[in-house]
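Visitor: fold the following and give me the result.
(chains A and B)
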2 protein chains.
Amino acid sequence: MAADTLARALADIVGAGHVLVEADLRAPYETDWSRRFGGAARLVARPADTAQVAAVVAACGDAGAAIVPQGGNTGLVGAGVPRGGEVVLSLRRLDALGEVDAAAGQVDAGAGVTLAALQERARAAGLDAGIDFAARDSATVGGLTAVDAGGRRALRHGTMRARVAGLEAVLADGGVIDRRTGVLKDNAGYDLPALLVGSEGTLGVITAVRALLVPRLPERVVALIGLGGVGEAADLLARLRREAPSLECADFFLDDGLQLVLDHLRLPAPIEPRPPVYLIVELAGRGDVTSELADALGDTDALVGADGADRHRLWRLREAHTEAIAAAGVAHKLDVGVPLPALAGFLDAVRETVAQAGALAVLFGHLGDGNVHVNVLGAEGDGVDAAVLELVAECGGTISAEHGVGVAKARWLSLTRSDAEIAAMRAVKHALDPHGILNPGAVLA
Amino acid sequence: MAADTLARALADIVGAGHVLVEADLRAPYETDWSRRFGGAARLVARPADTAQVAAVVAACGDAGAAIVPQGGNTGLVGAGVPRGGEVVLSLRRLDALGEVDAAAGQVDAGAGVTLAALQERARAAGLDAGIDFAARDSATVGGLTAVDAGGRRALRHGTMRARVAGLEAVLADGGVIDRRTGVLKDNAGYDLPALLVGSEGTLGVITAVRALLVPRLPERVVALIGLGGVGEAADLLARLRREAPSLECADFFLDDGLQLVLDHLRLPAPIEPRPPVYLIVELAGRGDVTSELADALGDTDALVGADGADRHRLWRLREAHTEAIAAAGVAHKLDVGVPLPALAGFLDAVRETVAQAGALAVLFGHLGDGNVHVNVLGAEGDGVDAAVLELVAECGGTISAEHGVGVAKARWLSLTRSDAEIAAMRAVKHALDPHGILNPGAVLA
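Guide: Below is the predicted model of the structure:
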């Protein structure tokens, strides 16, 4: 089927105004925001509902046209943009957002609903979405689910996987599966929704999610603690897990990254003398979380922020890493996971490896999840990326924690997954998408 | 391969003393504890570790011998006992239990570790397993995971699925997949562990689990509230979700079930005049959960138990339903899930349908999960079972919530799952177990 024939077929489904074939109309869908990934799309289709998505997928299947599902286009691994010649299937118009089911603590959200909109709906019902990260105004529920997004609150509430009470998806053959009954316990057959979470659009197109909300926890306190090393930070985290059940976040950063932030924001050092490692923790609850924190910290020195401005001021030191790095240059960003006992050795090895390549490594992340964001400034090519991912594999970690594999890391998947696992993944992919039309090249090279 | 040839091959793997071929040795593995399901096994193999499990699975594959994995044999749907002629693969000897990783809040447990042992190990480290139910002393971690077990605390902590930070499993070809890195966030490729959770031994044999623990919550309070109907109970649950973030359980029972319990235990009615519906809730936290409960209940009348004895006394009214029903006769037990808005109508319809069959329905369950345990006393055959499951389907529920599908409900799976979903499940099953040797007849008829 020629491109114009497919375009006409899709226009019959979604309306001519929602099939974008001209280059300047396609452009915003063709490149990711980091500008590292992208390609020319055959066309962009913007269905309005699940039935239209199913019809578009079926028509593309008939035409043998590959599909790249796209949400808010905030991904960092090239999974949501074309490599060249695919149909981009934008889910942004699927933005229906239901009323909160207060007894079940759940809400139905279309794939195109932004995280910010979901959070607002949850808060209006006296509940909370339980997940948050910086791209909240653009990132969509469908994308969050397809990639199993994380963020700093995963320590307490789990990743997006834990927030999915059910979902609806279109399979490669155009069939629709729908498991949004609102029943928390449901083990009638294989959990296909669980398989789709984190599959990055390669096994099905997620069209709607029934999100499981969490209680709103109004009392919050933040502490910044300087530590002599990552091992000390892990020991303190262990104590907080045991003594402070209201623990919600435990992020870390290092002194050289902090220096970038301090220079960028023109701030003085928060702790003198400067420690090599910083742990920032947040407790959230209904009762007196400040005394819970004080009891758990014991005689450990900490900068404590109890009111909103102070909490923001402390978090800013961690959150401004991204913009401080961006101000210093274009970084290679690798999102990896490392078991805590191996973390100190991993961080040292990364700094050394990156320094040998004449580049600078800025390292920070979510300590509670073993999730490290490796930012490499000044590297040429992707040799350093490969070297860092090999260090991850050597310490038993994962080459992707919360950003996904996408096309960026597909060729390195075998560093983290065994031959038996990859063979099983390929078997599942072939079973559900025998003609390989869903997001080819993502996850599995 | 003749049975004795296979027995010799397996004896070479696990040792002659762990291949049980004589009828009296096999017997304890051949019938489930409810005595509703079972059959003669070809033999029972009791491997000691993952390598032996892999070798046994491979040898059975070579011999074309079907395998039924078995844990503590506490299942209720016949998924863990032979139907006739299978090899029973007992995982109970895989009972290694690691030290708690306090910083990650995780512990490695072999498939044969009992829930009680896991709970004890977690408590000794100042943490909690986050899951509990009556069969804790026999039910094993492998079985809990294979069936995605629930229990009353799933309202807060999720089902077993949420407690699995990773697992190791043997696939049908004898390959081993192992994802127990201890890293909470790991989206490098499809989440095969998530697919295996709840697959009831039909896609792989779970050999070990890395369990994600939760904070220990020392302060607890229980309240029993009499209500005019299920709708009122759902409204109160919605209020508690919003106002009492320490909410951990919200179970319900009805006055006729309570009467069975009161007769059985020779107790007076706890609330007069007798209400039709009872809600029993538990809050758990670190702070003053009693005042949190009082604030959330407002002017709602409740019997409150703050100390251990009073909490136990209140919970006994709910928990003794099982033994009171057993004392009254052999019940058909159906574990189903129903969306809360449909629950009142469902309960009425079940009572009416069961009464028309000349039988008695005793109904109770976990309100927060929409999980109803339907106990039918005095029914002949399984016509009433079918009728109840059809009522479940009519209200958009699930025919299995926390017990699984097994062989008991496999023929009714299409009541809950669409043709598209079942086709996808069959495709996944064929992809991972092309010769159908893993637990044939369970889940998919």
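
Visitor: in stretch A:306-320, which residues are buried?
Guide: Buried residues in stretch A:306-320, counting neighbours by 16 or more other Cβ atoms under 10 Å in any protein chain shown, are found at A:Arg311, A:Arg313, A:Leu314, A:Trp315, A:Leu317, A:Arg318, A:Glu319, A:Ala320. Using the backbone N, CA and C atoms, a C-beta is placed for each residue, glycine as well.

Visitor: hmm, who's touching that stretch?
Guide: A:134, A:220-224, A:251, A:253, A:258, A:261, A:264-265, A:267, A:270, A:278, A:280, A:282, A:290, A:303-305, A:364 (Cβ atoms under 8 Å, 6 or more residues apart in numbering or on different chains).

Visitor: pull out the buried residues from the residues you listed.
Guide: A:220-224, A:251, A:253, A:258, A:261, A:264, A:278, A:280, A:282, A:290, A:303-305, A:364.

Visitor: keep only those of the contacts of stretch A:306-320 that are in helices.
Guide: Per DSSP state H, helices hold the following members of those: A:Leu258, A:Val261, A:His264, A:Leu265, A:Thr290.

Visitor: tell me the one among the residues you listed nearest to chain B.
Guide: A:Thr290 (11.6 Å; Cβ to the nearest Cβ).

Visitor: now the closest residue to the closest one other than its chain neighbours: how far from A:Leu293?
Guide: Excluding its sequence neighbours, the residue lying closest to A:Thr290 (Cβ to Cβ, 6 or more residues apart in numbering or on different chains) is A:Val221, at 4.8 Å. From A:Val221 across to A:Leu293, the span is 5 Å (Cβ to Cβ, to the nearest Å).

Visitor: overlap in contacts, these two.
Guide: Common neighbours of A:Val221 and A:Leu293 (Cβ under 8 Å, 6+ apart) are A:Leu283, A:Val304.

Visitor: OK, contacts around the residue nearest to A:Thr290?
Guide: Counting by Cβ under 8 Å, 6+ apart, A:Val221 makes contact with A:Glu282, A:Leu283, A:Val289, A:Thr290, A:Leu293, A:Val304, A:Gly305, A:Ala306, A:Arg311.

Visitor: which of the contacts of stretch A:306-320 fall within strands?
Guide: A:220-224, A:251, A:253, A:278, A:280, A:282, A:303-305, A:364 (DSSP state E).

Visitor: what number of residues lie near A:Ala65?
Guide: The criterion is other Cβ atoms under 10 Å in any protein chain shown. On that basis, A:Ala65 has 21 neighbouring residues.

Visitor: ugh, wrong one, I meant A:Ala408
Guide: There are 27 residues near A:Ala408, going by other Cβ under 10 Å.

Visitor: wouldn't it be in contact with A:Gly78 here?
Guide: Yes. A:Ala408 is within contact range of A:Gly78, at 5.2 Å (criterion: Cβ atoms under 8 Å).

Visitor: got any residues that touch both of these two?
Guide: Here A:Ala408 and A:Gly78 share the contacting residues A:Arg36, A:Phe37, scored by Cβ under 8 Å, 6+ apart.

Visitor: ok, back up a step: what is the residue nearest to A:Thr290 paired to in the beta sheet?
Guide: A:Leu283 (DSSP bridges).

Visitor: and stretch A:396-405, which residues are buried?
Guide: So, applying 16+ other Cβ under 10 Å, buried residues of stretch A:396-405: A:Gly396, A:Gly397, A:Thr398, A:Ile399, A:Ser400, A:Ala401, A:Glu402, A:His403, A:Gly404, A:Val405.

Visitor: now swap in stretch A:406-416 and tell me
Guide: For stretch A:406-416, burial by neighbour count (16+ other Cβ under 10 Å) applies to A:Gly406, A:Val407, A:Ala408, A:Lys409, A:Ala410, A:Trp412, A:Leu413, A:Leu415, A:Thr416.

Visitor: can you check stretch A:285-303 too?
Guide: A:285-290, A:292-294, A:296-297, A:300, A:302-303.

Visitor: for stretch A:336-353, same thing?
Guide: Residues of stretch A:336-353 classed as buried: A:336-344, A:346-347, A:349-351, A:353 (neighbour count, 16+ other Cβ under 10 Å).

Visitor: what residue ranges in chain A score low on pLDDT?
Guide: Residues of chain A that meet the criterion pLDDT under 70 lie in A:1-3.

Visitor: residue nearest the centroid of it?
Guide: A centroid search over chain A (Cα atoms, centre = their mean) returns A:Ala149, at 3.0 Å, as the residue closest to the centre.

Visitor: could you pull out the strands for the stretch 101-250 of chain A?
Guide: With DSSP state E, counting those that start in this stretch as the definition, the stretch 101-250 of chain A shows strands at residue ranges A:106-110, A:127-128, A:164-170, A:176-179, A:205-212, A:214-215, A:219-227, A:247-254.

Visitor: out of those strands, which is the most enclosed?
Guide: Highest mean neighbour count of these: strand A:205-212, a mean of 27 (counted as mean count of other Cβ atoms under 10 Å in any protein chain shown).

Visitor: contacting residues around it?
Guide: Counting by Cβ under 8 Å, 6+ apart, A:50, A:53, A:57, A:67, A:69, A:89, A:91, A:94, A:96, A:105-111, A:118, A:122, A:129-130, A:141-142, A:145-146, A:162-170, A:176, A:180, A:182, A:184, A:196, A:438 sit against strand A:205-212.

Visitor: now do the helices in the stretch 51-200 of chain A.
Guide: Remark: helices assigned in the stretch 51-200 of chain A by DSSP state H, counting those that start in this stretch are A:115-124, A:141-147, A:154-157, A:160-163, A:192-196.

Visitor: is it true that A:Pro69 touches A:Arg92?
Guide: No. Under the criterion of Cβ under 8 Å, A:Pro69 makes no contact with A:Arg92, lying 10.9 Å away.

Visitor: between the two, point out the one with more neighbours.
Guide: A:Pro69 (28 against 21).
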